[in-house]
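Enquirer: missing the sequence, but the structure's below:
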């Protein structure tokens, strides 16, 4: 087990060669000039202030920002425009909202995400817990749709809403296919506003020239897992130091099931997982002891437990069906009542002083692996040392784990 850390460093170093986020075909516009390029797609959940790009696959990575770029995008996925806007950044946090109904504008240059582009344009801006939406009609400047939560005067626990965006839409974006009732039901959410703007554009022209497409994401995987543990154990800290013993190495089987939840950012490259796994280890060792009748001390170690790793995983996509991955997990260890250390003489008679049903501590693992055909996976894991039966056994292990994705 002493070689595990250097081995893992080599594995991680190898995988880091492939760990760059994919550059995708896109463009940027500056001073009315359009430049085609490759843009580093970070699948932003917050609006960026800058982006990385390359003019070709082999060229160096360069940066542009909201000050020197009018627009940029990745073909078929997203586009951002740079605009000097008045934005209200009042908090929606109930613990910090104020009693001012009117928006408190700040003038700032921002990259706004384009949601709908046509006769009436819709844009969004996201920053931490802040969500704001903007519109533009033909020759008008980009302007915020007003929504604000505030405390009613002299009523410190009563929260009201400034829904001026509904009044503006009623005054400016009405057509035969839309009604006041549609506007009353309109929430200050991207899905609602996007659908409304699409209908309005279709009502007043052929159709929007651009609508952001939300790609369908896979959110859950269920995998069956099996593998082999390579472990070593030592009996330590016994009251009779003469019973401390190196139990040597063993090879054991493990099996379990994994629930994996894909996180909705960074192009599906991050997930969290829960993997309950049954595993067991059984070792018997005999060593000479001059102070014992028969001259030998027998030590029998039985270790059965349910491991419950809760972890995070990062994928590196090589092609459509193949991914490398790195993961780490905090491992809860729920030991079986049969877990024990027992001591006996060479003739098998019990020496007493063994340990049974004492708790074991949690530990962590780090691992790296590959999934092929979007189904089959193989992984190597290295665990930190765990104490078993309170403090009397030190248990170290590495594991080879294979998996099959059910769905």
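Expert: Structure received. None of the values given here were measured: they were computed from a predicted structure.

Enquirer: Let me see the contact set for residue 362.
Expert: If a contact means CB atoms under 8 Å, 6 or more residues apart in numbering, then residue 362 has 330, 331, 332, 333, 386 as its contacts. Glycine gets a C-beta too; all of them are placed from N, C-alpha and C.

Enquirer: let's see 10 Å
Expert: Applying CB atoms under 10 Å, 6 or more residues apart in numbering to residue 362 gives the contacts 307, 308, 309, 330, 331, 332, 333, 334, 384, 386, 387.

Enquirer: Next up, the contacts around the last one.
Expert: It refers to residue 387. Residue 387 makes contact with 236, 237, 333, 358, 359, 360, 361, 362, 363, 393, 394, 395 under the criterion CB under 10 Å, 6+ apart.

Enquirer: Let's see which of the contacts of residue 362 end up in strands.
Expert: Judged by DSSP state E, those include 307, 308, 309, 330, 331, 332, 333, 334, 386, 387 as members of strands.

Enquirer: Give me the buried entries from these.
Expert: With neighbours counted by 16 or more other CB atoms under 10 Å, the ones in strands among the contacts of residue 362 contain buried members at 307, 308, 309, 331, 332, 333, 386, 387.

Enquirer: Quick check: the third one vs residue 338, distance?
Expert: Distance, residue 309 to residue 338, using CB to CB, to the nearest Å: 22 Å.

Enquirer: Residue 361 contacts residue 386, correct?
Expert: Yes. Counting by CB atoms under 10 Å, residue 361 does reach residue 386; the two are 5.9 Å apart.

Enquirer: Quickly find the element holding the closest residue in space to residue 169 that isn't next to it in sequence.
Expert: In space, residue 169 comes closest to residue 183 once its chain neighbours are excluded; the distance is 5.5 Å by CB to CB, 6 or more residues apart in numbering. Using DSSP states H and E, residue 183 sits within helix 180-184.

Enquirer: helices or strands next to the longest helix along the chain in the packing?
Expert: With residue count as the measure and DSSP state H as the assignment, the chain has helix 190-204 as its longest helix. If contacts are counted by 3 or more CB pairs under 10 Å, 6 or more residues apart in numbering; DSSP states H and E, helix 190-204 sits against strand 105-117, strand 120-127, strand 130-137, helix 164-172, helix 180-184, strand 210-211.

Enquirer: So residue 38, which state does it fall into?
Expert: At residue 38, secondary structure determined by DSSP: H, G, I helix; E, B strand; the rest coil is strand.

Enquirer: list the contacts for the nearest residue to it once chain neighbours are set aside?
Expert: Leaving aside its chain neighbours, residue 38 sits nearest to residue 23 (3.9 Å; criterion: CB to CB, 6+ apart). Going by CB under 10 Å, 6+ apart, residue 23 touches 37, 38, 39, 40, 41, 52, 53, 54, 56, 57, 61, 74.

Enquirer: Tell me how the protein divides into domains.
Expert: 76-211, 220-405 (automatic domain parsing).

Enquirer: Okay, and the beta partners of the residue nearest to residue 38?
Expert: residue 40 (DSSP bridges).

Enquirer: And residue 85, by the same measure?
Expert: In beta-bridge terms (that is, DSSP bridges), residue 85 pairs with residue 108.

Enquirer: so who does it touch?
Expert: The contact partners of residue 85, taken as CB under 10 Å, 6+ apart, are 105-110, 112, 123, 125, 132, 134, 141-144.

Enquirer: redo that, cut-off 8 Å
Expert: Counting by CB under 8 Å, 6+ apart, residue 85 has contacts 107, 108, 109, 110, 112, 134, 141, 142, 143, 144.

Enquirer: What of residue 180?
Expert: Residue 180 is in contact with residue 170, counting by CB under 8 Å, 6+ apart.

Enquirer: what number of residues lie near the residue nearest to residue 37 when sequence neighbours are not counted?
Expert: Of all residues not flanking residue 37 in the chain, residue 53 sits nearest, at 4.6 Å (CB to CB, 6+ apart). By the measure other CB atoms under 10 Å, the count of residues near residue 53 is 20.

Enquirer: Quick check, residue 53 in contact with residue 27.
Expert: No. With contact defined as CB atoms under 8 Å, residue 53 does not count as touching residue 27 (9.3 Å).

Enquirer: Could you pull out the residues contacting both of these two?
Expert: Common neighbours of residue 53 and residue 27 (CB under 8 Å, 6+ apart) are 37, 39, 72.

Enquirer: remind me which residues of the stretch 1-150 of the chain are low pLDDT?
Expert: For the stretch 1-150 of the chain, the stretches flagged by pLDDT under 70 are 1-21.

Enquirer: Report the beta-bridge partners for residue 65.
Expert: Counting by DSSP bridges, residue 65 is bridged to residue 50.

Enquirer: Do I have it right that it meets residue 52?
Expert: No. Residue 65 is not in contact with residue 52 according to CB under 8 Å; the separation is 10.7 Å.

Enquirer: The two: which is more packed in?
Expert: For residue 65 versus residue 52, neighbours defined as other CB under 10 Å are more numerous around residue 52 (16 against 13).

Enquirer: how close does the more buried one sit to residue 22?
Expert: Residue 52 sits 12 Å away from residue 22, going by CB to CB.

Enquirer: what do you get for residue 302?
Expert: Remark: distance between residue 302 and residue 22 (CB to CB) = 49 Å.

Enquirer: Between those two, which is the more surrounded one?
Expert: Under the neighbour definition other CB under 10 Å, residue 302 and residue 22 were set side by side, and residue 302 has more, 16 against 13.

Enquirer: ok, now which ones touch residue 335?
Expert: Counting by CB under 8 Å, 6+ apart, residue 335 has contacts 303, 304, 305, 359, 360, 388.

Enquirer: Provide a list of residues in contact with the first one.
Expert: By that I understand residue 303. The contact partners of residue 303, by CB under 8 Å, 6+ apart, come to 233, 280, 281, 282, 335, 339, 388, 393, 395.

Enquirer: what's across from it in the sheet?
Expert: residue 281.

Enquirer: What pLDDT is listed against it?
Expert: Residue 303 carries a pLDDT value of 93.

Enquirer: Having no further points to raise, I will conclude here.
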